[in-house]
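Asks: Any chance you can model this:
(chains A, B and C)
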Amino acid sequence: MDRIYTNKDEVLKQGQTMIDKSLRQIIPSAELNTVEELIRGYEQRRKGLFGRLIEWYVFGKKPDNSSQADFNIAGVELKTTPLKRHPQKKYSAKERLVFSMIDYNDVVNETWEQSSFLKKNKHLLLMFYLWIKNKNILDYEFKYIYPLNLLDGISDEDIYQIQKDWEFIVAKIKRGEAHLLSEGDTYYLGACTKAANNTIVRDQPMSNEPAKPRAFSFKQQYINYFIQNKLLGNADANTNSIFKTLRRVETIEDRIKEIFSPYIKKNDRQILFMLGSNLQRKSKSYKRLIVNRILGINSNKIQEIEKANVTIKVITLEATGNLKESISFPAFDYFDLVSQTWSASRGDSMADFHYQLETKKFLFVVFQKQKGSDKIILKRTLFWNFPMKDLDEAERVWQKTVDCINEGRYSELPKMKDSSVAHVRPHGKNAKDTIETPQGTQEMKRCFWLNAKYIQNVIDNQNN
DNA sequence: GCATGATCATGC
DNA sequence: GCATGATCATGC
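Replies: Numbers count the residues shown, from 1 in each chain, chains lettered A, B, ... in the order given. Purely as a prediction, here's the structure:
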């Protein structure tokens, strides 16, 4: 018989009994062997088992697969989610916070206000435990128990963005593009893939294309920001908000457009004059510094850009409109790369190419050189994320890279002419900036790049 | 003119 | 000291 909870406080109080405790400490010793046996049989899906063990042993609730909130009577949805140790900040988010599966057939008939997502997740009880590699799930210790009301407990700007994210995802499914959904499409609320392997697919209502099963989730950077601010109190005094002085709610995209709009079609000197700023040195980051000034930051960061995993990229077109330079990613570690698998790309390794392509949003700030002048014009800004239709090609480049490294063929790493999408090039201080390879040799630091031509095509064809 | 290799500058 | 973003330099 399930224990009945009549209100949210009771659920919270019960959850709080787990602070600094692990399951092993509360499971009756007579049942421990049985549970250990159960865990051994699970291997792959241990996380689901972990949640059910918590429900049963902490809350006295029999596991079920109901799409109702976990504590129906009290209206509380329980979420257990891992923290990992962070050298400076104590803890950070290990993963996204995953909510329920997206039912492609039902969700197209919903509005945000009446969505099953909101119904189920309005009142959350977040249980953060400390994840440690190879540790038995019975020994994970809980660190924070936090009741979160989605509509009251999150700022107006954030919940507005989350609503717009939800609506974007649903609109895409309505267009028959569920198979093209990507976490990078949206800012805080993402549609993350959720399947044990790549072969599992689902039907979608507006198209015959099979689509990967996906769930709503808070993107990893968003939940991490939550952890830093609400749990750890690491409110960064060096963080600015683009909504600071604004008295209405707007999306991140609209707000950024608005901030840049007075400077569009102006040249670098005019912009600096308008800003009352002075940057004489024409260093490689000159334009990036101008962009920072426009955004009102120096070395500090913008909260929304961080939370939404947006990467700002300065793009400089030639006077002809031609783009010369490709876009670099962080340098990779040869050992890491060969140990990764393409499909198991999760937040565990945020530097992983696939993870970045599928979760990142880019803000391109496009400048253009001018014929017969050294002035540079700010042409436009655009938001972009890597489209899922090109993911197979990116995988091919990645796979070839992995093969080359495994076989020690470093001169044959994928070049620009080998792919229309991406290639591998050096990315170090200089040719002497090397790291160790699996062969025990030293190789110069390298990274993945998105081809200049590929990005040029994006800029020429995307008008937002 | 472009692909590829190489390096600079900044900020943490 | 190093990671990262951005661009430079060379040779075909």
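Asks: When you work out contacts or count neighbours from here on, use the C-alpha atoms and nothing else.
Replies: Fine.
Asks: tally of neighbours for the residue in the stretch 101-250 of chain A positioned nearest to DNA strand C?
Replies: In the stretch 101-250 of chain A, the residue that lies nearest DNA strand C is residue A:221 (14.3 Å; C-alpha to the nearest atom of the strand). Counted with other C-alpha atoms under 10 Å, residues neighbouring residue A:221 total 24.
Asks: what's next to the helix or strand hosting it, contact-wise?
Replies: Secondary structure assignment for residue A:221, by DSSP states H and E: helix A:220-226. Here helix A:220-226 makes contact (C-alpha atoms under 8 Å, 6 or more residues apart in numbering) with A:92-97, A:188, A:306-309, A:347.
Asks: so after it, what's the next helix or strand?
Replies: For helix A:220-226, the following helix or strand on the C-terminal side (DSSP H and E) is strand A:239-240.
Asks: Let me see the mean pLDDT of that next one.
Replies: Averaged across strand A:239-240, pLDDT comes to 80.
Asks: Sheet partners, orientation included, of that strand?
Replies: Partner strands and pairing direction for strand A:239-240 (DSSP bridges) are strand A:301-302 (parallel).
Asks: Return the mean pLDDT over the helix or strand that the strand it pairs with is followed by, rounded to an integer.
Replies: Using DSSP H and E, the helix or strand that follows strand A:301-302 in sequence is helix A:303-307. Here helix A:303-307 scores 90 as its mean pLDDT.
Asks: Repeat that for stretch A:394-401.
Replies: For stretch A:394-401, the mean pLDDT works out to 94.
Asks: What of stretch A:359-374?
Replies: Mean pLDDT, computed over stretch A:359-374, is 91.
Asks: who touches that stretch?
Replies: Defining contact as C-alpha under 8 Å, 6+ apart, one finds that stretch A:359-374 is touched by A:182-187, A:219, A:291, A:308-319, A:321, A:375-386.
Asks: let's see it at 6 Å
Replies: Stretch A:359-374 is contacted by residues A:183-184, A:309-319, A:376-385 when judged by C-alpha atoms under 6 Å, 6 or more residues apart in numbering.
Asks: Buried ones among those?
Replies: A:183-184, A:309-310, A:312-317, A:319, A:376-385 (16 or more other C-alpha atoms under 10 Å).
Asks: Kindly report the domain assignment for chain A.
Replies: Listed by automatic domain parsing, the domain ranges of chain A are A:8-231, A:239-307, A:309-368+A:382-461.
Asks: Tell me where the model's unsure across chain A.
Replies: Chain A contains residues with pLDDT under 70 at A:1, A:43-47, A:63-73, A:195-198, A:235-238, A:280-282, A:344-351, A:464.
Asks: quick revisit: restrict the helix holding residue A:221 to CA atoms and write it as CSV.
Replies: Extracted in CSV, the C-alpha atoms of helix A:220-226 (Å, rounded to 0.1, in the frame of the first residue of the first chain):
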residue,chain,number,x,y,z
GLN,A,220,22.8,21.2,-18.9
GLN,A,221,24.0,24.8,-18.8
TYR,A,222,20.6,25.9,-17.5
ILE,A,223,20.4,23.4,-14.7
ASN,A,224,24.0,24.2,-13.9
TYR,A,225,23.3,27.9,-13.6
PHE,A,226,20.5,26.9,-11.2
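Asks: Quick one: distance of that helix to the chain centre.
Replies: 9 Å (C-alpha atoms, centre = their mean, to the nearest Å).
Asks: Buried residues in stretch A:366-378, which are they?
Replies: Neighbour-count burial for stretch A:366-378 [16+ other C-alpha under 10 Å]: A:366-370, A:376-378.
Asks: Mark which of those residues are part of strands, please.
Replies: Among the buried residues of stretch A:366-378, the members found in strands (DSSP state E) are A:366-370, A:376-378.
Asks: JSON lines for these, including distance to DNA strand B?
Replies: Converted to JSON lines, these look like this (distance: C-alpha to the nearest atom of the strand, whole Å):
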{"residue": "A:366", "distance to DNA strand B": "18"}
{"residue": "A:367", "distance to DNA strand B": "17"}
{"residue": "A:368", "distance to DNA strand B": "15"}
{"residue": "A:369", "distance to DNA strand B": "14"}
{"residue": "A:370", "distance to DNA strand B": "14"}
{"residue": "A:376", "distance to DNA strand B": "18"}
{"residue": "A:377", "distance to DNA strand B": "20"}
{"residue": "A:378", "distance to DNA strand B": "19"}
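Asks: now, among the buried residues of stretch A:366-378, which is nearest to DNA strand C?
Replies: For the buried residues of stretch A:366-378, the closest approach to DNA strand C (C-alpha to the nearest atom of the strand) belongs to residue A:367, at 8.2 Å.
Asks: so the closest one bridges to which residues?
Replies: Applying DSSP bridges, one finds that residue A:367 bridges with residue A:316, residue A:378.
Asks: How about the stretch 1-150 of chain A: which residue is closest to DNA strand C?
Replies: residue A:88 (13.8 Å).
Asks: got the residues of the stretch 351-464 of chain A near DNA strand B?
Replies: A:411, A:415-418, A:425-432, A:453 (C-alpha under 7 Å from any atom of the strand).
Asks: go on, the stretch 201-350 of chain A?
Replies: For the stretch 201-350 of chain A, the residues in contact with DNA strand B (C-alpha under 7 Å from any atom of the strand) are A:281, A:283-285, A:289, A:298-300, A:322, A:324-326.
Asks: Let me have those in TSV, extended by secondary structure and neighbour count.
Replies: Below are those laid out as TSV (DSSP: H, G, I helix; E, B strand; the rest coil; neighbours: other C-alpha atoms under 10 Å):
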residue	secondary structure	neighbour count
A:281	coil	8
A:283	coil	10
A:284	coil	8
A:285	coil	11
A:289	helix	17
A:298	coil	13
A:299	coil	9
A:300	coil	13
A:322	coil	15
A:324	coil	13
A:325	coil	16
A:326	coil	19
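Asks: Chain neighbours aside, what residue packs nearest to residue A:250?
Replies: Once flanking residues are discounted, residue A:250 sits nearest to residue A:157: 6.7 Å by C-alpha to C-alpha, 6 or more residues apart in numbering.
Asks: The one you found against residue A:249, yeah?
Replies: Yes - counting by C-alpha atoms under 6 Å, residue A:157 does reach residue A:249; the two are 5.4 Å apart.
Asks: ok, and for the helix or strand harbouring the residue nearest to residue A:250, which residues are buried?
Replies: Secondary structure assigned from DSSP H and E places residue A:157 in helix A:156-174. Buried positions in helix A:156-174, judged by neighbour count with 16+ other C-alpha under 10 Å: A:157-170, A:172-174.
Asks: picking up where we left off before, report the buried members of the residues of the stretch 351-464 of chain A next to DNA strand B.
Replies: Looks like those have A:415-416, A:425-428, A:453 buried, using 16+ other C-alpha under 10 Å.
Asks: Out of the ones in strands among the buried residues of stretch A:366-378, give me the two with the largest separation.
Replies: Between any two of those, the greatest separation by C-alpha to C-alpha is 13.2 Å, found for A:366 and A:370.
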